[in-house]
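**Q** this is a predicted model, with the sequence first.
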Amino acid sequence: MWIFASPKNYSEMLKKIATTMFFISLIIITILSHTIKDISSFMKIISFGLKHEYGGFKLYISYFYFPLLFALGENIFKIHDKVSDLFGIRYRFDKNIIIATLLKEIKQSKKLKKVNKLNRDSIMRVIFYKYASSTNPLIDRHLIDMALGAWSWYWIIMDTLLCVITLGVIWLFFSFSWLACLVLIGIIITCWLIMYIIKKFQCREYALQEVQAILQLQNSRSEIKRYLSDAL
């Protein structure tokens with residue numbers, strides 16, 4: 001099943017994130033529409049009479065508007081990447097986990113402070129993705145697949161959090177209650193904890209395994225040391 005399949009490259013990861021988020025946002029918008037009368041009436045109006053009814057359950061065509069926009073936005077604009085850049089998620093991970101470990105291994109840890117948002121991409125491209133690229137890997141392909149799988153779930157949960165916050169604010173606007181507020185806060189905290197666990201115990205561990213696999217390649221250590229000595 002596609003939801004459990006591990007992506008083999010960045011394109012497959014994008015597809016998995018977009019497809020999963022389509023169904024997650026569809027479920028959320030459907031629940032809201034059947035919970036709040038004002039939203040239900042609005043969704044009915046913009047459906048122009050188009051609906052599907054199954055067992056007394058009405059599913060208006062408008063329920064697909066937001067999920068489709070979210071999925072297209074992820075595919076076209078890479079929403080998760082924009083959020084990551086905004087909060088420095090991948091930047092901090094690449095610098096403090098991958099680059100820091102490589103610098104430590106070549107006895108140049110003091111140079112970590114010279115890594116910044118301007119040179120981080122080029123550094124990662126030369127010292128990491130040169131060996132751990134999903135298109136032409138020089139290390140065990142399994143490690144790369146596992147890392148892509150972990151990151152795909154991290155971005156899915158992050159997008160879910162974004163979706164929950166967006167629709168949750170709409171929910172509170174139309175039907176505010178302290179119970180609804182507590183439910184929203186609970187979901188936000190749960191998503192954040194899941195993200196933390198995935199990054200801490202999966203993304204980080206797979207990245208460290210990739211780094212060790214890279215360092216075991218012939219001449220890789222000397223090449224990395226030479227590049228970082230010149231770049232930093």
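**A** Yep, that arrived.
**Q** need the next SSE after the host helix or strand of Ile27, C-terminal direction.
**A** In this assignment (DSSP states H and E), Ile27 forms part of helix 10-33. Counting by DSSP H and E, the element after helix 10-33 in chain order, helix or strand, is helix 37-45.
**Q** please save the CA atoms from that next one in PDB.
**A** Taking C-alpha atoms only, helix 37-45 is exported to PDB below (Å, rounded to 0.1, in the frame of the first residue of the first chain):
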ATOM      1  CA  LYS A  37     -23.600  24.000  10.900                       C
ATOM      2  CA  ASP A  38     -22.200  27.300   9.400                       C
ATOM      3  CA  ILE A  39     -19.300  25.500   7.700                       C
ATOM      4  CA  SER A  40     -21.700  22.800   6.500                       C
ATOM      5  CA  SER A  41     -24.000  25.400   4.900                       C
ATOM      6  CA  PHE A  42     -21.100  27.200   3.300                       C
ATOM      7  CA  MET A  43     -19.700  23.900   1.800                       C
ATOM      8  CA  LYS A  44     -23.100  23.100   0.500                       C
ATOM      9  CA  ILE A  45     -23.400  26.500  -1.300                       C
END
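**Q** who are the packing partners of it?
**A** Judged by 3 or more C-beta pairs under 8 Å, 6 or more residues apart in numbering; DSSP states H and E, helix 37-45 is in contact with helix 10-33, helix 141-174. C-beta coordinates here come from the backbone N, C-alpha and C atoms, glycine included.
**Q** and the strand or helix carrying Leu193, how far out from the chain middle?
**A** Element membership of Leu193, judged by DSSP H and E, is helix 178-198. Chain-centre distance of helix 178-198: 17 Å, with C-alpha atoms, centre = their mean, to the nearest Å.
**Q** which strands and helices lie in contact with it?
**A** Partner elements for helix 178-198 (3+ C-beta pairs under 8 Å, 6+ apart): helix 141-174.
**Q** tilt between the helix it packs on and helix 37-45?
**A** 110 degrees (axes from the mean of the first three to the mean of the last three C-alpha atoms, to 10 degrees).
**Q** mind checking the helices and strands packed on helix 37-45 for the one nearest to Ile79?
**A** Nearest to Ile79 among the helices and strands packed on helix 37-45 is helix 141-174 (6.4 Å), distances taken as C-beta to C-beta.
**Q** got the buried residues for that closest one?
**A** 143-164, 167-168, 170-171 (16 or more other C-beta atoms under 10 Å).
**Q** which residue sits closest to the residue most central in space within the chain, ignoring its sequence neighbours?
**A** In the chain, the centroid-proximal residue (C-alpha atoms, centre = their mean) is Trp155; its distance is 1.4 Å. The shortest distance from Trp155 to any non-neighbouring residue, by C-beta to C-beta, 6 or more residues apart in numbering, is to His80 (4.0 Å).
**Q** just confirm that neighbour is within a helix.
**A** Yes: assignment of His80 by DSSP: H, G, I helix; E, B strand; the rest coil places it within a helix.
**Q** please report the distance of it from Arg221.
**A** From His80 over to Arg221 the distance is 33 Å, taken as C-beta to C-beta, to the nearest Å.
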